[in-house]
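Engineer: quick one: sequence plus predicted model below, questions after.
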Amino acid sequence: MLTNYTIGIDYGTQSGRAVLVSLQDGKEVSDHVTPYRHGVMDTELPHSGKKLGHEWALQHPNDYLEVITKSVPAVIRQSGVDPTDIIGIGIDFTACTMLPVDQQFQPLCLKEDFKDHPHSWVKLWKHHAAQNEANKINEIAEAREESFLPRYGGKISSEWMIAKIWQILNEAPEIYEEADQFVEATDWVISQLTGNLLRNSCTAGYKAIWHKQDGYPGSDFFKELDPRLENLVETKLRGEVVSLGTKAGILTKEMAELTGLPEGIAVAVGNVDAHAAVPAVGVVEPGKMVMAMGTSICHMVLGKEEKSAEGMCGVVEDGIIPGYYGYEAGQSAVGDIFEWFVEEGVPAYVKEEANRRGLNIHQYLEEKASLYRPGETGLLALDWWNGNRSVLVDTELGGLFLGMTLQTKPEEMYRALLEATAFGTRMIVDTFKQNGVEVNELYACGGLPQKNRLLMQIYSDVTNLPIKIADSKHTPAVGAAMFAAVAAGEEAGGYSSILNAADKMARIRDEIIRPMKENVVIYDKIYQEYKRLHDYFGRGENDVMKKLRLLRSGTLE
Ligand SMILES: Nc1ncnc2c1ncn2[C@@H]1O[C@H](COP(=O)(O)OP(=O)(O)O)[C@@H](O)[C@H]1O
Ligand SMILES: O=C(CO)[C@@H](O)[C@@H](O)COP(=O)(O)O
């Protein structure tokens, strides 16, 4: 056991990161990042340059394979570890990131006949163009009093599998017809490593309305959505759904040659990025909320009973850790909002000054924004730059700044954006608590906790909760490596369960960020105003944000 290692790969929004992890203590021996060559394709297709509509977000499946062929050999090389000591590999992915494939699991977008068709490509989690379909799914599910709806906080999101599939059917029936199956990218990558296509219970549960006891919604529900969808589950969503930590198969000879890994090692079934992070910070019991903080935030918490909370993304039995109900909620833009501001919203003098001081713009603005006390900017923002995932589940909402004057400074606006995202998290925490899901402390992982100290203090002050930070550069990847150790099994030198793996491998920093009393009091007052604005613009009292969208698309009647 002591000399064994596994590899975990975290497929994020902009890059894939591999880590080689020691099974003895969870230490990341080496890591390597491969940025996606095609990034997020949200304006046009490769090859043809064909324009994409508003709210589209696609990816290139070959970028995922490039992460394997570049980052895996790199981590083996850097580590100096003997490849024969590597006993398994696992991955986690953004979700629902899905694609249509043919019978040989080949993505339709890689076939000559379909490469110029936008609907043949991978739809990234943040592809929000299936909102009409999501609205209809919700309307019909509500009218039929479908029992699955409360498990998803009352609403199915346009980010998820069924809405995305239905959009394909509506806008490109020929692609729908041609697809042998629609699969999560995480399951597709595993099929490329093993030759087996298995659906993991985590993405199926959270993103495709699958339930451990009830399975998918009935064919009568799908038929009412659209008669052409009646047999979707038995046809294009068919396949075994297996639990996390299951061995999907063994690494193929071809993949072994491409990566330098031994042929035949265990490959774990796919997982979701945020969910994989939970055991990696040692959270295997209720009351501890894990925030995977990057482009977006996913909020994960475990419970002993199945409860319903408005706007949560889902509660899935065994969805994160076996034996518990796993709850997920989220904010669909966080780091992305800060990036938007840094790229689109700061004047030249800020860039020059940051440059002169050898800081990036985030660092420069964080430093300046830290000099303010809560409330001092006089600003309040709504964090809906990419819609609202929880608790409103509405991708058609937009961002808002309030209180600007001729004296407003960029650092004040940056601080207001950091605060707005913290208020969004508080809304989620409060909603869970009000519905009987315990949240007593926060655990943070992902890129943001390491990059922005002010942000973390604001989150602690706004929620009035202590925050523990992951002691790992790529926490979800470590989680994926832990599930790989479980897939390999004790007999191969791995672990018999994810609880045992977490016990030995989870790592958090010693330092805890604690709420500062004087800040908590002021933020509590500002939060009441945030809540009022949130409800006013988000719950239908003033639909101006939606009207503006309709005006933009020329469809306001
Ligand atoms: N110093 C910073 N402060 C706040 N946000 C930052 C900072 N540096 C980068 N970001 C944001 O972090 C996000 C990337 O987060 P990361 O966790 O690395 O990636 P991913 O979400 O793809 O997993 C980007 O949206 C970027 O704008
Ligand atoms: O929605 C989920 C998980 O359910 C995430 O994959 C999605 O928010 C993307 O996460 P990142 O911000 O890229 O870490």
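Structural biologist: Perfect, thanks for sending it. Values in this document were obtained by computation on a predicted structure and should not be read as measured data. Numbering: from 1, shown residues only. Ligands and ions are numbered 1, 2, ... in the order given.

Engineer: going by C-alpha atoms from here, please, whenever you check contacts or count neighbours.
Structural biologist: Fine.

Engineer: can I get stretch 388-401 as PDB, trimmed to CA atoms?
Structural biologist: The C-alpha coordinates for stretch 388-401 follow below in PDB (Å, rounded to 0.1, in the frame of the first residue of the first chain):
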ATOM      1  CA  ASN A 388     -29.300  32.500 -11.200                       C
ATOM      2  CA  ARG A 389     -28.800  28.800 -10.600                       C
ATOM      3  CA  SER A 390     -29.900  28.600  -6.900                       C
ATOM      4  CA  VAL A 391     -32.400  29.500  -5.500                       C
ATOM      5  CA  LEU A 392     -34.300  31.000  -8.400                       C
ATOM      6  CA  VAL A 393     -33.200  28.600 -11.200                       C
ATOM      7  CA  ASP A 394     -33.500  31.200 -13.900                       C
ATOM      8  CA  THR A 395     -30.900  31.700 -16.600                       C
ATOM      9  CA  GLU A 396     -32.700  34.700 -18.000                       C
ATOM     10  CA  LEU A 397     -31.800  37.000 -15.100                       C
ATOM     11  CA  GLY A 398     -29.000  39.500 -15.500                       C
ATOM     12  CA  GLY A 399     -26.600  41.400 -13.300                       C
ATOM     13  CA  LEU A 400     -27.200  44.700 -11.500                       C
ATOM     14  CA  PHE A 401     -25.100  47.400  -9.900                       C
END
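
Engineer: buried stuff in that stretch?
Structural biologist: Neighbour counts using 16 or more other C-alpha atoms under 10 Å place 388-400 of stretch 388-401 among the buried residues.

Engineer: that one and ligand 2, are they touching?
Structural biologist: No: using C-alpha under 6 Å from any ligand atom, stretch 388-401 stays clear of ligand 2, with a minimum separation of 9.2 Å.

Engineer: follow-up on the earlier one: need the buried residues of stretch 388-401 in TSV with secondary structure, can you?
Structural biologist: Listed next are the buried residues of stretch 388-401 as TSV, based on DSSP: H, G, I helix; E, B strand; the rest coil:
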residue	secondary structure
388	strand
389	coil
390	coil
391	coil
392	coil
393	coil
394	strand
395	coil
396	coil
397	coil
398	coil
399	coil
400	strand
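
Engineer: from those, pick the one nearest ligand 2.
Structural biologist: For the buried residues of stretch 388-401, the minimum distance to ligand 2 (C-alpha to the nearest ligand atom) is 9.2 Å, reached by residue 389.

Engineer: what segments of the stretch 201-350 of the chain are helices?
Structural biologist: Assigned by DSSP state H, counting those that start in this stretch, the stretch 201-350 of the chain shows helices spanning 201-207, 219-225, 253-259, 273-280, 335-340, 348-356.

Engineer: picking that back up, in a markdown table, list the buried residues of stretch 388-401 along with pLDDT and distance to residue 476.
Structural biologist: Output for the buried residues of stretch 388-401, formatted as a markdown table (pLDDT from 0 to 100; distance: C-alpha to C-alpha, whole Å):
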| residue | pLDDT | distance to residue 476 |
| --- | --- | --- |
| 388 | 95 | 24 |
| 389 | 94 | 21 |
| 390 | 96 | 21 |
| 391 | 96 | 24 |
| 392 | 95 | 26 |
| 393 | 91 | 25 |
| 394 | 92 | 27 |
| 395 | 89 | 26 |
| 396 | 90 | 29 |
| 397 | 96 | 29 |
| 398 | 97 | 29 |
| 399 | 98 | 29 |
| 400 | 98 | 32 |
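
Engineer: contacts only, for the most centrally placed residue in the chain.
Structural biologist: For the chain, residue 94 is the residue whose C-alpha lies nearest the centre (C-alpha atoms, centre = their mean; 4.6 Å). Neighbouring residues of residue 94 by C-alpha atoms under 8 Å, 6 or more residues apart in numbering: 11, 12, 13, 124, 125, 186, 272, 273.

Engineer: again, only this time at 6 Å
Structural biologist: For residue 94, the contact set (C-alpha atoms under 6 Å, 6 or more residues apart in numbering) comprises 12, 272, 273.

Engineer: likewise for residue 99?
Structural biologist: Residues counted as contacts of residue 99 (C-alpha under 6 Å, 6+ apart) are 122, 182, 183.

Engineer: three-state assignment of it?
Structural biologist: Residue 99 falls in the strand class when you classify it by three-state DSSP.

Engineer: is it in a bridge, and if so with what?
Structural biologist: Beta-bridge partners recorded for residue 99 (DSSP bridges): residue 183.

Engineer: which one of the helices of the stretch 201-350 of the chain is the most hemmed in?
Structural biologist: Highest mean neighbour count of those: helix 273-280, a mean of 29 (counted as mean count of other C-alpha atoms under 10 Å).

Engineer: render the CA-only coordinates of that one in PDB, please.
Structural biologist: Coordinates of the C-alpha atoms in helix 273-280 are reproduced here as PDB (Å, rounded to 0.1, in the frame of the first residue of the first chain):
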ATOM      1  CA  ASP A 273     -16.000  18.000 -10.300                       C
ATOM      2  CA  ALA A 274     -17.600  19.500  -7.300                       C
ATOM      3  CA  HIS A 275     -18.800  16.200  -5.900                       C
ATOM      4  CA  ALA A 276     -15.400  14.600  -6.200                       C
ATOM      5  CA  ALA A 277     -14.000  17.400  -4.000                       C
ATOM      6  CA  VAL A 278     -16.200  16.500  -1.000                       C
ATOM      7  CA  PRO A 279     -14.200  13.400   0.200                       C
ATOM      8  CA  ALA A 280     -11.000  15.100  -0.800                       C
END
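
Engineer: name the helices or strands packed onto it?
Structural biologist: Contacts defined by 3 or more C-alpha pairs under 6 Å, 6 or more residues apart in numbering; DSSP states H and E place helix 273-280 against helix 475-488.
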